[in-house]
Structures are given as C-alpha cells and as structure tokens.
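Asker: here's my sequence, what's the structure:
(2 chains)
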Amino acid sequence: KAGVTQTPRYLIKTRGQQVTLSCSPISGHRSVSWYQQTPGQGLQFLFEYFSETQRNKGNFPGRFSGRQFSNSRSEMNVSTLELGDSALYLCASSLRSGVADTQYFGPGTRLTVL
Amino acid sequence: AQRVTQPEKLLSVFKGAPVELKCNYSYSGSPELFWYVQYSRQRLQLLLRHISRESIKGFTADLNKGETSFHLKKPFAQEEDSAMYYCALSPLYNDYKLSFGAGTTVTVRA
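Answerer: Below is the predicted model:
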C-alpha cells in the first residue's frame, strides 16, 4: 500500500498570505489528523477529520482550518500567515475515528513564512 | 487535559548497553500510550503501543498506572537505534487526540 502523501513538500510564503496544504491518506483510511511541529512547541494536534466532518480540534486560532473530501483526502488552510506559523505540518491517517488507532504519518510540508 | 513529559532531551549510550527512555503522563481517563520513532530522513512511525503488548526491534514498554509512566527499554542498544523517540498518549475511546512529549534524541555510540 502507498503511504500517506503530502503536497507540496516545501512552501515559502510572506506574512499576511494564505496557504493550502494537501494530504492523501492510505487507501481505506478514513480518518485524517493534522499536526504542527516546531522546535519550541514540539508536535501539536491541530484537528481530525472523519467522513468529511471535523471530529476534534486542538488549541489553535481560527486562522487554521481544514476540510476533508469524499475520497478522504484532506486539505489544511492557514489564512493571514504570521511568522510563528513557520513549521513542519504533518498529516496522519488511520482507519477509524473515535478510538486510539495507530496513526500513519506523511513526510510533512515545510512551511516558511517570511 | 492530557499531558506527556519526556524529561530527557538527549540520551547517549554505548552499543550493547541498556537504554531506557522515560515517559510520564497526566490524564484522568483511560489512556492508550504509544512510542513513535523518527530515524534520520524518515517519517515518523509507530514503534510500539501499550495495547498490543508487542516487543518491536527489542524494545518493550510497560504501562505503570500507579506512577503514570510508560518508559521504553531495550537491553542491548544497537547503532541503528539512533533516532528521535516520541512518547504519545490518546484517550482510549472518544475525543481522540494524540498528545506528544517533546521527544528524546538517542545516540548509540560504537
């Protein structure tokens, strides 16, 4: 099976812009979660989507949003970018939602905000 | 609230020596605990989880609910064990959200 894929792998944006990141889960996986990884804060949960519905959300401002499509692919959007949004954004997929299934991670998208 | 603490940022051991990575957690409900590993230039991947009770690559971890710990151990470290290790917790049911510790970088020296 192909693993979780994320596009693009690298992005450079300037403050105030918006960005959309994409994640394709492992075939058959219906849950997609997003994480932000920074040197200062480590790995932090952003949100989880299952069956096109957001099931859970971490402590991030409303500028961070996401959606999931009927084929389980997910996108994450960050509006009005700030310097502090520079991070590695990881996507993970799992079979189910609501239970502690093993998460399979993608390679990440490295976002740099100038 | 759920919280995971890994007190050691860096751990250096000699090949063949035992290695133990500490993980303490805080959660009022029933948790599931995981260890994830990230080797150089590879993606984050599951090493082991409590519920499966498997030993992977010689690593084991025991959930101690009294001490709220889930330490990772291996009796004889190998050079290929050099990596970043993350302890993580999620509620066993409902309100799924994976919380990670800060991670421990392990270097195994020849």
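Asker: C-alpha from now on. contacts and neighbour counts both.
Answerer: OK.
Asker: so who does the residue nearest to residue A:58 when sequence neighbours are not counted touch?
Answerer: In space, and not counting its chain neighbours, residue A:58 is closest to residue A:46: 4.7 Å by Cα to Cα, 6 or more residues apart in numbering or on different chains. For residue A:46, the contact set (Cα atoms under 8 Å, 6 or more residues apart in numbering or on different chains) comprises A:33, A:34, A:35, A:36, A:57, A:58, A:59, A:60.
Asker: can you tell me which of the residues you listed end up in strands?
Answerer: Mapping the contacts of residue A:46 onto strands (DSSP state E) picks out A:33, A:34, A:35, A:36, A:57.
Asker: what about the nearest residue to the fourth one once chain neighbours are set aside, which helix or strand?
Answerer: Same thing as residue A:36. Leaving aside its chain neighbours, residue A:36 sits nearest to residue A:89 (4.7 Å; criterion: Cα to Cα, 6+ apart). Assigned by DSSP states H and E, residue A:89 belongs to strand A:87-94.
Asker: would you reformat the ones in strands among the contacts of residue A:46 as TSV and include neighbour count and pLDDT?
Answerer: Shown next, in TSV, are these (neighbours: other Cα atoms under 10 Å in any protein chain shown; pLDDT from 0 to 100):
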residue	neighbour count	pLDDT
A:33	30	95
A:34	25	97
A:35	23	97
A:36	21	97
A:57	17	91
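Asker: would you reformat these as a markdown table and include distance to residue B:73?
Answerer: Output for these, formatted as a markdown table (distance: Cα to Cα, whole Å):
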| residue | distance to residue B:73 |
| --- | --- |
| A:33 | 29 |
| A:34 | 29 |
| A:35 | 27 |
| A:36 | 28 |
| A:57 | 33 |
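Asker: shaky segments in chain A?
Answerer: A:1, A:98-99 (pLDDT under 70).
Asker: let's see that with 90 instead.
Answerer: Residue ranges of chain A with pLDDT under 90: A:1-2, A:40, A:55-56, A:95-103.
Asker: enumerate the residues of it near chain B.
Answerer: By Cα under 8 Å from any Cα of the partner chain, the residues of chain A that approach chain B are A:41-45, A:48, A:55-56, A:97-100, A:102-107.
Asker: again, 7 Å this time
Answerer: Contact residues (Cα under 7 Å from any Cα of the partner chain) of chain A with chain B: A:42, A:43, A:44, A:45, A:56, A:98, A:99, A:100, A:104, A:105, A:106, A:107.
Asker: on that earlier part again, put the alpha carbons of the strand holding residue A:89 into CSV.
Answerer: Provided in CSV are the C-alpha atoms of strand A:87-94 (Å, rounded to 0.1, in the frame of the first residue of the first chain):
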residue,chain,number,x,y,z
ALA,A,87,6.7,24.9,10.9
LEU,A,88,6.6,21.4,9.6
TYR,A,89,3.0,20.4,9.1
LEU,A,90,2.3,16.6,9.4
CYS,A,91,-0.7,14.7,8.3
ALA,A,92,-1.6,11.3,9.6
SER,A,93,-4.2,8.8,8.6
SER,A,94,-5.9,5.9,10.5
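Asker: which helix or strand lies directly C-terminal to it?
Answerer: According to DSSP H and E, the helix or strand after strand A:87-94 is strand A:104-105.
Asker: who are the packing partners of that next one?
Answerer: On a contact count with 3 or more Cα pairs under 7 Å, 6 or more residues apart in numbering or on different chains; DSSP states H and E, strand A:104-105 meets strand A:87-94.
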